[in-house]
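# Model the following, please.
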Amino acid sequence: MKKQDLLAAFAAKFNGEKGAVYASPGRINLIGEHTDYNGGFVFPGAVEQGIMAVIRPNGTDTVRAYSMDLDDYAEWAVNDAKGPEATCFRFVYGVARELIERGVEVKGFNTVFAGDVPLGAGMSSSAALESCFAYGLNDLFHGSVTRWDMVLAGQATEHKYIGCNCGIMDQFASVFGQAGKLMRLDCRSREFEYFPFDPKGYKLVLVNSCVKHELAGSPYNDRRRSCENVVAAIQALHPERKIETLRDCTWEDLEAVKGTCSAEDIKRAKYVLGEKDRVLAVCDALNRGDYEEVGKQMYLTHEGLSKDYEVSCEELDFLNDIAKECGVTGSRIMGGGFGGCTINLVKDELYDAFVKRAVEAFEAKYHVTPKIIDVVIGDGSRKID
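Modelled structure (predicted):
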């Protein structure tokens, strides 16, 4: 995605006008999946792929928006109670409304936007879109919201206007990312720490199965509800404790409610408690420079996501098995699940053989060519001068 192409499209769409250019990245998550809404830890980083938008206030109360990727156009009034129907524009609409609620005097604007985050790959193209417009509209309309406000505006957009009760990791990574660094985020306290990530002798690579996933609706929300059911059962047993999320629960707590919660809910909670432990183990391993331990924990995460949380699929399990056969240090499903990518920590000398084997074996079995995405950790939301 080139800035010049976007500016040219904006000029063509809006009578030769020029606008300001903003960008926000997609993200990877090394480990810590489905822990954000459970008050746990996550370990994401921004990537070089992202969403870019040209935006210019137009002096009216109407938003005029064009998606280059979808070749789709929509208009709506800033104060429209319903907003546009197309999902890509609802992200823009929702962010504008959330910024207004936070005191930013958003008026009408013209915009053209496009991205190179692979859709359906679990790299959070939606969070990149939200973060791009949260940053850009706050800047253009002289708002004073913080980066955390931008994160929360994006999350609220998902909840209110899209129907996905997501946590904060994706928007956090998109807004706060820094090149060459991963971030350990405590999703309960919002405290975070940057970790330099430059694994000598290893590459981080995504293998996109090209299986599309849809997180809005029941699959995602059902799993969140399972976690909440277990928390409620444990809180009922221990009214003297303040138990808000699975972050506050122990393995002993989970054992105690096996008779009162469904087997499915117990499985979901088992995965989350295990993932909480695995994220902290990876932090310790990174501090020691022990990437073999990081890889071991990644494989354990995949097993939990596949067997207990049940958000994997046949294609992703197949790619995980290929990684093991090729001697890849670590591999797991990445993102919300139900399709998308595996993230793989691969020794340099094994990289070419692994990629070749993964592509050929996947093509032979599923008649689809998986996409290989080399990961470079990039910067968060910003204005492009």
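
# contacts, neighbours, all on C-alpha from now
Fine.

# what comes into contact with stretch 102-114?
1, 6, 9-10, 14, 51-69, 77-78, 96, 99-100, 137-138, 141-145, 149 (Cα atoms under 8 Å, 6 or more residues apart in numbering).

# cool, and stretch 181-198?
36-46, 168-169, 173, 177, 180, 377.

# Take the residues you listed and keep only those in helices.
Secondary structure assignment by DSSP state H places 169, 173 of the contacts of stretch 181-198 in helices.

# re the thing from before, I'd like to know which of the contacts of stretch 102-114 are buried.
Buried subset of those (neighbour count, 16 or more other Cα atoms under 10 Å): 6, 9-10, 51-57, 61-68, 77-78, 96, 99-100, 137-138, 143, 145, 149.

# Tell me which entries of the residues you listed lie within helices.
6, 9-10, 96, 99-100, 137-138, 149.

# which other residues reach stretch 313-326?
By Cα under 8 Å, 6+ apart, the list of residues contacting stretch 313-326 reads 207, 209, 211, 302, 306, 330-333, 338-342, 344, 350, 353-354, 357-358, 362.

# try it again with 6 Å
residue 354 (Cα atoms under 6 Å, 6 or more residues apart in numbering).

# Ok, stretch 28-39 next?
42-45, 123, 167, 187-188, 245-247, 279.

# Return the list of helices and strands in contact with the longest strand anywhere in the chain.
In the chain, with assignment by DSSP state E, the single longest strand is strand 44-57. On a contact count with 3 or more Cα pairs under 6 Å, 6 or more residues apart in numbering; DSSP states H and E, strand 44-57 meets strand 20-29, strand 109-115, helix 169-176, strand 181-186.

# Give me the mean pLDDT for it.
Throughout strand 44-57, pLDDT has a mean value of 96.

# How about stretch 160-176?
91.

# Buried members of the contacts of stretch 28-39 into PyMOL, please.
This is how PyMOL selects the buried members of the contacts of stretch 28-39, with burial counted by 16+ other Cα under 10 Å:
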select buried, resi 42+43+44+45+123+167+187+188+245+246+247+279
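
# quick one: which of the ones in helices among the buried ones among the contacts of stretch 102-114 is nearest to residue 286?
residue 149 (30.0 Å; Cα to Cα).

# give me every residue that touches the closest one.
Residue 149 neighbours (Cα under 6 Å, 6+ apart): none.

# Also residue 89?
Applying Cα under 6 Å, 6+ apart, no residues qualify as near residue 89.

# Check the secondary structure at it for me.
helix (DSSP: H, G, I helix; E, B strand; the rest coil).

# Just the pLDDT for it.
Looking at residue 89, the pLDDT reads 98.

# distance between the ends of stretch 187-197?
The first and last residues of stretch 187-197 sit 21 Å apart, counting by Cα to Cα, to the nearest Å.

# from the chain's centre, how far out does that stretch sit?
Distance of stretch 187-197 from the chain centroid (Cα atoms, centre = their mean, to the nearest Å) equals 15 Å.

# Give the rounded mean pLDDT of that stretch.
For stretch 187-197, the per-residue pLDDT averages 90.
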